[in-house]
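Student: fold the following for me, if possible:
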Amino acid sequence: MTASLRDIRVYTTFPHVCSYLPDQEATTLFIDPRQQISPELYTQLSVMGFRRSGDHIYRPHCAKCNACVPSRVVTNEFHRSKSQERVWRRNTDLTITEVDSIECNEAYDLYRRYIEGRHADGDMYPPDRDQYSSFLNNGLRCTRYFEFRHGDKLIAILVTDQMLDGLSAIYTFYDPTEEKRSLGTLAVLFQIEEAKRLDLDYVYLGYWIQNCGKMNYKARFGPLELLQGGCWQRREKLPAGGDLGPSMPLRFIDKPQ
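Tutor: Numbers count the residues shown, from 1 in each chain. Have a look, this model is predicted:
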């Protein structure tokens, strides 16, 4: 390991408009970008609820809201629901191939069409080639890229990080005209199968927000664990409704600068 958790410096952003909940302000905690991140440290930080976006490892750190809750699927206990089984069978005509890079024009054009078709109201609109490369880079040398093709046509790309205990779902983008295939669901199912194949315990799905429609899909992949009070707990054992409380106190990390 390049550093212990006690040695890591963290920084906070200024409050900004929340991307998920209306009328809420968000603050983000970042690991010092100069910090060397080993596979062991990256895994530890993920267990503590951190995520990666490009070169940044971050976690929500909002003063008045704890709605963003880290989530992960327990892979060896996961069984597809009837609807998920239908999605899996519906896409057996696709070819899924791992590739070294997604810097080609074909991949970026798919990303551009996805952002314009699905997220024109989001933070990543309008799409930009430099932002694309920065967001989906392989800065920690653990990122894997998978192409989903129907014949010669590229219809989806999955980006995932492989850690010591699981896969971390970074991003999936797909052809917005292929809505009937449920490619977002397929991408999660594929990562669960890949984690099982590699004998990895978890697929980290990022932050689950109970009152956000964009995040509700994560609850369909069970058993789902949520990070609460410093412990990963099964979602069905947590109280229903409202704010679930703080996910992980930063007792092992220096205070923000």
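
Student: tell me how many other residues surround L21.
Tutor: If you count neighbours by other C-beta atoms under 10 Å, L21 ends up with 16. Glycine gets a C-beta too; all of them are placed from N, C-alpha and C.

Student: oh, and call the first residue 27 from now on, that's how I've got it
Tutor: I'll keep to 27 as the first residue from here, and by that count the last item is L47.

Student: distance check, it against S97.
Tutor: Relative to S97, L47 is positioned 16 Å away (C-beta to C-beta, to the nearest Å).

Student: strand partners of the lowest-mean-pLDDT helix or strand in the chain, parallel vs antiparallel please.
Tutor: Between all helices and strands in the chain, the lowest mean by mean pLDDT, DSSP states H and E belongs to strand 42-43, at a mean of 88. Strand 42-43 has the following strand partners under DSSP bridges: strand 51-52 (antiparallel).

Student: and the strand it pairs with, how far from the chain's centre?
Tutor: 20 Å (C-alpha atoms, centre = their mean, to the nearest Å).

Student: same check, this time on stretch 178-196
Tutor: That offset, for stretch 178-196, works out to 10 Å (C-alpha atoms, centre = their mean).

Student: pLDDT averaged over that stretch - what is it?
Tutor: Averaging pLDDT along stretch 178-196 gives 98.

Student: next, the buried residues of it.
Tutor: By neighbour count, with 16 or more other C-beta atoms under 10 Å as the criterion, the buried positions of stretch 178-196 are 180-189, 192-196.

Student: in strands only, show me these.
Tutor: 180-188, 192-196 (DSSP state E).

Student: what is the nearest of these to N102?
Tutor: G192 (11.0 Å; C-beta to C-beta).

Student: wait, that closest one sits on L224?
Tutor: No - at 9.0 Å, G192 does not count as touching L224 under the criterion of C-beta atoms under 8 Å.

Student: torsion angles phi and psi at the nearest residue to T211 once chain neighbours are set aside?
Tutor: Nearest non-adjacent residue to T211, counting by C-beta to C-beta, 6 or more residues apart in numbering: V113, 5.0 Å away. Here is the backbone geometry of V113 (degrees, to the nearest 10): phi -60, psi -40.

Student: ok, now how distant is V113 from G210?
Tutor: Separation of V113 from G210 (C-beta to C-beta) stands at 10 Å.

Student: appreciated, that's everything.
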